[in-house]
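A.B. asks: Here is a sequence together with a model predicted from it:
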Amino acid sequence: MALIVQKYGGSSVADAESIKRVAKRIVDTRRAGHDVVVAVSAMGDTTDELLDLANEVAPIPAPRELDMLLSSGERISMALLAMAIHSMGFEARSFTGSQAGMITDSQHGAARIVDVTPVRLREALDEGAIVIVAGFQGFNRDTRDITTLGRGGSDTTAVALAAALDADVCEIYSDVDGIFTADPRVIPKAQKLDHVSSEEMLELAANGAKVLYIRAVEYARRHGVLIHARSTFSSAEGTYVLGEGMKNPREAEGAVMEEPIVAGVATDFSQAKITVAGVPDVPGKAAEIFKIVAKSGANVDMIVQNVSATGRTDISFTVPKADAAAALKALAGEQTEVGFQNLIHDDQIGKLSVVGAGMRTHSGVSATLFEALSAGGINIEMISTSEIRISVVLRDTDLTEAARTVHTAYGLDGDAEATVHAGTGR
């Protein structure tokens with residue numbers, strides 16, 4: 001008997017029929033002799049609809065009350081799922097995040113898990129029940145308030161539960177069959193990966209891949225949780241995300257897995273570029289600029305500084321589009337102090353990233369990328385690298401074609417088109 005944690009996203013429980021289909025999958029797992037703990041998201045687009053409603057009644061909703069509102073979506077889906085399981089003749093008990101012992105810090109809207117005390121879940125499992133937990137939410141001990149974990153919070157809930165309960169595997173269900181070499185909506189001939197390292201998955205998630213959220217992958221890597229990314233809509237085996245020292249459950253004992261040169265190509269349309277033009281080329285100015293940006297709450301990704309020829313230089317960097325306004329306002333307020341000439345904002349960019357652990361030991365990966373983009377007549381504006389990743393910034397209108405060209409150049413195209421069961425990627 002294994003202990004299996006399963007997570008189902010919004011598209012997996014979008015309506016009554018979907019909930020019954022998920023309930024059957026959970027019951028089948030229980031019938032196979034396994035203990036089952038489930039983390040569930042709100043139904044369909046419920047969270048977005050609640051956000052829209054909040055913004056209609058208040059231009060800036062109070063963070064505490066917004067968390068109270070948004071956490072209701074998961075409570076609805078967890079109760080309905082438990083009811084569906086009961087109707088199939090199995091005991092199921094639903095728990096909110098606080099009842100499940102998901103202890104977080106006090107940051108409303110983007111809380112981080114600081115502890116998990118799943119006492120009630122253990123009791124329910126020992127009594128033979130299937131456990132259903134509301135994802136995306138927790139509880140702060142100091143304020144005694146409900147908190148939410150931000151986008152991807154249900155993934156993080158599932159992984160945290162798997163770690164706390166010492167589960168054998170954490171199955172993350174979505175509307176695609178696993179992790180692909182690229183987003184199958186962008187590149188239909190993307191291939192499903194049998195496995196991927198947590199290191200590669202972190203890079204893919206950080207650079208636009210949406211099938212798993214980066215916080216969940218980070219948590220799994222830190223706590224040694226085996227993730228199996230699968231589809232709610234088929235019984236096909238998915239993709240295992242393997243942490244350091246983990247064995248692929250599909251591999252024969254003692255088999256050695258060869259790292260792929262390139263595991264995948266990720267695309268990201270969510271970034272904007274800010275250029276601080278005419279910065280005095282003296283020591284300390286870059287530090288001043290990025291200290292201001294950090295105080296604004298913006299998360300900087302790529303940075304490029306031009307060579308100075310006139311005693312002044314330009315510094316360009318990318319941030320999430322949602323953070324750009326705050327960063328620009330903060331910089332404009334310190335223009336006289338820093339001494340730069342002007343700010344340029346460009347939100348018509350896209351980021352293309354190539355990721356693969358095999359880059360460490362294989363030459364020519366960069367050359368293949370740049371040759372493919374050159375052959376397609378696609379201009380590169382910024383370049384950033386890590387040990388297992390190369391990222392480039394392009395015009396957003398070129399990004400989709402660039403991704404297809406690069407995917408083909410690395411020999412990643414499959415023979416048939418990938419299946420996308422629902423269409424959102426979650």
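C.D. replies: That came through, no problem.

A.B. asks: so after whichever helix or strand residue 350 is part of, what's the next helix or strand?
C.D. replies: In this assignment (DSSP states H and E), residue 350 forms part of strand 349-355. With elements assigned by DSSP H and E, the helix or strand that comes after strand 349-355 is helix 365-375.

A.B. asks: Flag every buried residue along that following helix.
C.D. replies: 365, 368-369, 372-373 (16 or more other Cβ atoms under 10 Å). Any C-beta I mention is one placed from the backbone N, CA and C, and that applies to glycine too.

A.B. asks: All the strands of the stretch 251-400 of the chain, in order from the start?
C.D. replies: 264-268, 271-280, 303-305, 312-320, 342-346, 349-355, 382-386, 389-395 (DSSP state E, counting those that start in this stretch).

A.B. asks: For the first one, which helices and strands make contact with it?
C.D. replies: Right, strand 264-268. helix 198-206, strand 349-355, helix 396-409 (3 or more Cβ pairs under 8 Å, 6 or more residues apart in numbering; DSSP states H and E).

A.B. asks: can you tell which of the ones you listed is closest to residue 384?
C.D. replies: Residue 384 sits nearest to strand 349-355 of all these, at 8.7 Å, using Cβ to Cβ.

A.B. asks: which helices and strands does the closest one pack with?
C.D. replies: Strand 349-355 sits against helix 198-206, strand 264-268, strand 271-280, strand 389-395, helix 396-409, with contacts defined as 3+ Cβ pairs under 8 Å, 6+ apart.

A.B. asks: Redo the helices and strands packed on strand 264-268 as CSV? Include mean pLDDT and mean neighbour count.
C.D. replies: Shown next, in CSV, are the helices and strands packed on strand 264-268 (pLDDT from 0 to 100; neighbours: other Cβ atoms under 10 Å):
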stretch, mean pLDDT, mean neighbour count
helix 198-206, 93, 25
strand 349-355, 96, 25
helix 396-409, 96, 20
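
A.B. asks: Quick one: the ones you listed as a markdown table, columns for distance to residue 310 too.
C.D. replies: As requested, those are exported to a markdown table (distance: least, Cβ to Cβ, whole Å):
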| stretch | distance to residue 310 |
| --- | --- |
| helix 198-206 | 36 |
| strand 349-355 | 26 |
| helix 396-409 | 31 |
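
A.B. asks: Skip the chain neighbours and tell me the closest residue to the spatially most central residue of the chain.
C.D. replies: Central residue of the chain (Cα atoms, centre = their mean): residue 213, 1.7 Å from the mean position. Nearest residue to residue 213 in three dimensions, chain neighbours excluded: residue 152, at 2.7 Å (Cβ to Cβ, 6 or more residues apart in numbering).

A.B. asks: pLDDT wise, what is the nearest residue to residue 408 once chain neighbours are set aside at?
C.D. replies: Among residues not flanking residue 408 along the chain, residue 372 sits closest, at 7.7 Å (Cβ to Cβ, 6+ apart). With respect to pLDDT, residue 372 has a value of 96.

A.B. asks: for the one 3 residues further on, same thing?
C.D. replies: pLDDT, the model's per-residue confidence, is 95 for residue 375.

A.B. asks: so what's it up against?
C.D. replies: Residue 375 is in contact with residue 405, counting by Cβ atoms under 8 Å, 6 or more residues apart in numbering.

A.B. asks: Ok, residue 348 next?
C.D. replies: Applying Cβ under 8 Å, 6+ apart to residue 348 gives the contacts 395-397.

A.B. asks: same check, this time on residue 168
C.D. replies: Residues counted as contacts of residue 168 (Cβ under 8 Å, 6+ apart) are 2-4, 226.

A.B. asks: coming back round to it: quick one: the residue nearest to residue 213 and residue 126, what's the gap?
C.D. replies: Look at residue 152 and residue 126: by Cβ to Cβ, to the nearest Å, they are 30 Å apart.

A.B. asks: Counting neighbours, go ahead and name the busier of those two.
C.D. replies: residue 152 (21 against 9; other Cβ atoms under 10 Å).

A.B. asks: can you give me phi and psi for that one?
C.D. replies: Per-residue torsions, residue 152: phi 80, psi 10 (degrees, to the nearest 10).

A.B. asks: One more: the one 4 residues further on?
C.D. replies: Recorded main-chain torsions at residue 156 are phi -70, psi -40, according to degrees, to the nearest 10.

A.B. asks: same check, this time on residue 164
C.D. replies: Main-chain dihedrals, residue 164, degrees, to the nearest 10: phi -70, psi -30.

A.B. asks: does it really touch residue 113, like I thought?
C.D. replies: No. Residue 164 lies out of contact with residue 113 (Cβ atoms under 8 Å); the separation is 9.5 Å.

A.B. asks: Could you check how far the residue lying farthest from the centre of the chain is from residue 341?
C.D. replies: The outermost residue of the chain relative to its centre, with distances by Cα atoms, centre = their mean, is residue 310 at 42.6 Å. Shown here: residue 310 relative to residue 341, a distance of 11 Å by Cβ to Cβ.

A.B. asks: before we move on, what about residue 234?
C.D. replies: According to Cβ to Cβ, residue 234 stands 57 Å off from residue 341.

A.B. asks: Kindly reformat the contacts of residue 348 as TSV containing distance to residue 15.
C.D. replies: Listed next are the contacts of residue 348 as TSV, based on distance: Cβ to Cβ, whole Å:
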residue	distance to residue 15
395	39
396	34
397	36
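
A.B. asks: returning to that earlier point: grab the two from the buried residues of helix 365-375 that are most spread out in space.
C.D. replies: Using Cβ to Cβ, the two most remote members of those are 365 and 373, lying 13.2 Å apart.

A.B. asks: For residue 149, list the residues it contacts.
C.D. replies: Contacts for residue 149 (Cβ under 8 Å, 6+ apart) come out as 104, 110-113, 136-138, 156-157, 215.

A.B. asks: Can you select the buried ones among those residues for me in PyMOL?
C.D. replies: Buried residues within the contacts of residue 149, by 16+ other Cβ under 10 Å, are selected in PyMOL with:
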select buried, resi 104+111+113+136+137+138+156+157+215
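
A.B. asks: Residue 411: how many residues sit nearby?
C.D. replies: Neighbour number of residue 411 under other Cβ under 10 Å is 10.
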